[in-house]
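S.K.: Can you look at this prediction? I've put the sequence above it.
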Amino acid sequence: MEIKMVNLTKIFTSKNRKEVRAVDHVDLVIPTGKLIGLLGPSGCGKSTTLYLIAGLLRQTEGQIYFGNDEVSEMPPEQRGIGLVFQNYALYPHMTVRENILFPLQNLKVPKEDAKKQTYDMAKLVGLEELLDRKPKELSGGQQQRVAIARALVKKPRVLLLDEPLSNLDARLRLQTREEIKRIQRETGITTVFVTHDQEEAMSISDEIVVMKDGIIQQMGQPQDVYDHPNNLFVAKFLGNPQINVFDGEIVDGKVLIDGMAFAETKLPNQKIIAGIRPEGFVVDKTKKSPFKFEIDLVETIGRDTTLIIEVTAEESTLLDKKTFKAIVDAEFRIKPKDVVHFIIKSEKIHLFDLDGKLL
Amino acid sequence: MSDVFVVNEKAYRTKKILSNVILYAFLVFVAVIILIPFYWMILTSLKDANVMEEIPPLLFLTPSQWKITNYTQLFQLVMSGERRGQPLFPFFVYMKNTVIVSLITTAGTTITTVLAAYAFARLNFKGRDAIFAILLATMMVPGEIFILTNFLTVAKMGIITFEQTFYQALIAMTLPFMTSVFYTFYLRQTFKQVPNELYYAAKVDGTTDFGYLIRVMIPVAMPTIITIIILNSMGAWSAYVWPAMITMKDEYRLVSNGLRGAFTDAGTGRTDFGQQMAAATLVTLPLLILFFAFRKQIMRGVSRSGIKG
Amino acid sequence: METKNNWKAWLYLAPMLLLMSVFTFYPLINAFIISFYKGYMPLRNTVEGFTLLGNYLVILKRPEFWNAVKNTFVIAFVSVPISIFLSLLISTALKSIPKLTKFFQTIFFLPYVTNAIAVGMTFAVMFNKTYGLVNLILGWFGITAIDWIGGTSNWGTQMTALLVFTIWESLAFKILVFTSGMQNIDKQYYDAAKIDSASKWTVFRRITVPLLSPIILYISITSMIGALKAYNTVIGLFGTKMGNPSYSMITIVAFVYKFRAELASKGYYSYAAAAAIILFLITVTFSLIQGVVAKKRVHY
């Protein structure tokens, strides 16, 4: 079931008449059967968008379609959605079984069928042993699976998840996000989930949608968006450690940062902002490359090493920070104060104009 | 869904409006039912004897039709019967007594309650939980059981005589009510919400237990204490049985006591409703004023005592 | 670490415990003792003999006692469920309206801050056969005037009037407590229920009421205890005559007081004590029953 949002806008008016555009003229199509991550910093409008799709919030302008049906004026119970709340919202006084049964009872599903469907759903999420427990007896991860089961049992057209992993501890998060991907694959249901964790979104989404200030910044497959960010915000939001950002200029076809030519380009002369991914710095074993820097700090995580290079005040062409980072293979046993030669991969350099737009 | 209306996308909004209308209508209906007795009480008190005779009774009086004869009659002296020579309903005397009793019992209850709640909430001593459980159990016992013996106790103190002085009556009316398990329980809940760390920090700073009570606990729990004070003061207004039992002279009595029976003519058995309602209004008015002045505290305090309980 | 400050704590408790010893513990025990003795003369503090249950039997044989029990039970078992149901409904309505909630809450709370006797008298005036408001309104619907509490009234109409008054008076506290309780229920459950296609009635029955059940239980028990002790309301509505014919609307508590008033009569004080203790036992029994029922149906 494809979800289409046309010109979707939501304006909140606070008590002192201040208007907040939580969602600003959003046009978005969520393809059928895919797992889509809605990603962005706090306050970017992602949760609002989710709640608009659900019908728990009413849009100020715009329309929402599920397939060919316009659902913009429909209350939540008529849209055919399943929603997993951030805090799960499991009915505390009902057992797992009763929680999952609840929507089926409201839809007047015959008892025998309802029983079977409940059991099947519990099996799908791996909880068939815990059907008679109460929510408070379950762990966070288990509670979430109950919430998912309850959302899915009525065979909704669309599954929505609001920050599904943020209440779980780190170890559980990795486990659970795989679960979500598996369940989505098995049921084939169109799924949208909201998160502020870019790594999470990148790892399981079929496509990600990056939002900021109520506006969609970019949508696409995770790797594509990572490799080809449309603007500076997206480039900075994806990637850990964050992309390094420098002041620079284009002079005669060369990208100059701090006087050094980092790349060639056909773009006209102008002042620019250059983003270079940490993994774009490759150690030059031949030591012939012109880019050499003295390393200030070294952080190893076993698999690779992060080199932190400080830029002194005069030469500061770095925006926002005093240091930039390079990620290299751990085989190079580099120590602080070493001088290292780098080759810069040109595909890891992204050029933006001074407003942050891609050049 | 349990709707009466046809549900389609457009009707969603209409349904919302309609359900709101029904809800408001229902609540207004309930509000009217709640307010009718008050209205009737005041209305009737403003009808003089002639208007009272109208059948069916008038539902409304314009301000020019308001008569205060009922109110003035309250203070006239009674001609016959056991209360000969006394005012019919000496409201201000009763009020004065009620206020005094209220002040004394509230002061006493507040002090004993604060001390006891503190002990149960904060201090550690052997038998604490046992005593508390016993106290809680006493809340279940109907007050009538206590009254029987308390009357005898008070009598033994020599207070129930025909020469009863005002002070004696006062002691009898206040002494048994200088403490309350309910308020102790309620305040203990509030005290318990003050984090332990505060206590330890104060102790490290060299504060005594009593100092902690005065300087930390009481200020923090002040809203609850104020609620207790207000609710307790209002309680004296409803006191009926005990004052009736132990007061020997009419001028010691409280507001509730004079109400019933004062307005029925012993000879004809006819009750003067106008006077009755005037007295009822006078008695109710101070409470309403208190309520509107302290509305927030009262309602918040009562609801929280309900939840925690 | 907390030290066991034994003796100081008792100092704090002293005022309360002292007062309670004289006016609560001692009377409680004393009441039991008095009830077991025959021919107790309070003024002279003499007894005639030990009788254990003799006084109780005297009470139980009195038809007036059973009349009091009947009245009290009707009051308790009719007014309490009705007022709980009504206040739940009203609280739910209060919760569902967008504005003016505080305004209505204040109005609904008014009966709590009144004097039962003053308002009782008002209800008596309202139920008056000739001059009463109730008959006036009934007249609009073509119903002939009923003598509710007057000289020709029967038990049915008097009890109805009493029940109306009792319910009116008891709504205030319940509405306030239920409304607060409902406000403490996480709004997310209602959102989830919406998405689960629950109708308004289903939401009320399967979400609101169960989540409110600890509070409902508390109200249920305290209201029941209060209703079993009905006295001020009866005096308020009927005066010291307590109904027509006299004392036909007597409650258990009124019954106790009636005996107590007979100070000079031999042994009557013991009867009062026995009756009071019977009331106590009834109260405890019903509280326990409610507690047991609650175990199965109250969700924490």
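M.R.: Arrived safely.

S.K.: Chain C contacts on chain A?
M.R.: When proximity is defined as Cβ under 8 Å from any Cβ of the partner chain, chain A approaches chain C at A:54, A:56, A:75-77, A:81-83, A:85, A:87, A:89, A:91-94, A:102-103, A:106-107, A:150-151, A:154. Bear in mind the C-beta positions are built from the backbone N, C-alpha and C, glycine included.

S.K.: Now, these that are in helices?
M.R.: Within these, membership in helices is found for A:54, A:76-77, A:102-103, A:106, A:150-151, as judged by DSSP state H.

S.K.: Neighbour-wise, which one of those residues leads?
M.R.: A:Arg150 (30 neighbours; other Cβ atoms under 10 Å in any protein chain shown).

S.K.: do you know how far it is from A:Phe85?
M.R.: Using Cβ to Cβ, to the nearest Å, A:Arg150 is found at 10 Å from A:Phe85.

S.K.: ok so, going back, among the ones in helices among the residues of chain A next to chain C, which one has the lowest pLDDT?
M.R.: Ranked by pLDDT, those bottom out at A:Glu77, which scores 83.

S.K.: Which of the helices or strands spans A:Lys271?
M.R.: Assigned by DSSP states H and E, A:Lys271 belongs to strand A:270-276.

S.K.: now do B:Phe185
M.R.: Going by DSSP H and E, B:Phe185 is part of helix B:181-192.

S.K.: Show the average pLDDT along that helix.
M.R.: Mean predicted confidence for helix B:181-192 is 87.

S.K.: Other residues contacting that helix?
M.R.: B:109, B:112-114, B:116-118, B:120-122, B:135-136, B:138-139, B:217, B:221, B:224-225, B:228, B:231-232, B:304-305, B:308-309, C:16, C:20 (Cβ atoms under 8 Å, 6 or more residues apart in numbering or on different chains).

S.K.: The next helix-or-strand element following it - contacts with which helices or strands?
M.R.: Downstream of helix B:181-192, the first helix or strand assigned by DSSP H and E is helix B:196-204. Using 3 or more Cβ pairs under 8 Å, 6 or more residues apart in numbering or on different chains; DSSP states H and E, the elements in contact with helix B:196-204 are helix B:209-212.

S.K.: buried ones in the helix or strand following the helix it packs on?
M.R.: Next helix or strand after helix B:209-212 toward the C-terminus (DSSP H and E): helix B:218-220. For helix B:218-220, the neighbour count (16 or more other Cβ atoms under 10 Å in any protein chain shown) marks no residue as buried.

S.K.: Ok, stretch B:243-256 next?
M.R.: B:243-248, B:250, B:252-256.

S.K.: swap in stretch B:182-191?
M.R.: Judged by neighbour count (16+ other Cβ under 10 Å), stretch B:182-191 contains these buried residues: B:183-191.

S.K.: Now render the residues you listed as JSON lines, adding distance to C:Ile215.
M.R.: Shown next, in JSON lines, are the buried residues of stretch B:182-191 (distance: Cβ to Cβ, whole Å):
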{"residue": "B:Tyr183", "distance to C:Ile215": "20"}
{"residue": "B:Thr184", "distance to C:Ile215": "21"}
{"residue": "B:Phe185", "distance to C:Ile215": "16"}
{"residue": "B:Tyr186", "distance to C:Ile215": "16"}
{"residue": "B:Leu187", "distance to C:Ile215": "20"}
{"residue": "B:Arg188", "distance to C:Ile215": "19"}
{"residue": "B:Gln189", "distance to C:Ile215": "15"}
{"residue": "B:Thr190", "distance to C:Ile215": "18"}
{"residue": "B:Phe191", "distance to C:Ile215": "22"}
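
S.K.: Return the closest of those residues with respect to chain C.
M.R.: Chain C has its nearest neighbour among those in B:Thr184, at 6.9 Å by Cβ to the nearest Cβ.

S.K.: now the helices for the stretch 101-250 of chain B?
M.R.: Secondary structure of the stretch 101-250 of chain B (DSSP state H, counting those that start in this stretch): helices at B:128-138, B:143-156, B:166-174, B:181-192, B:196-204, B:209-212, B:218-220, B:222-238, B:241-246.
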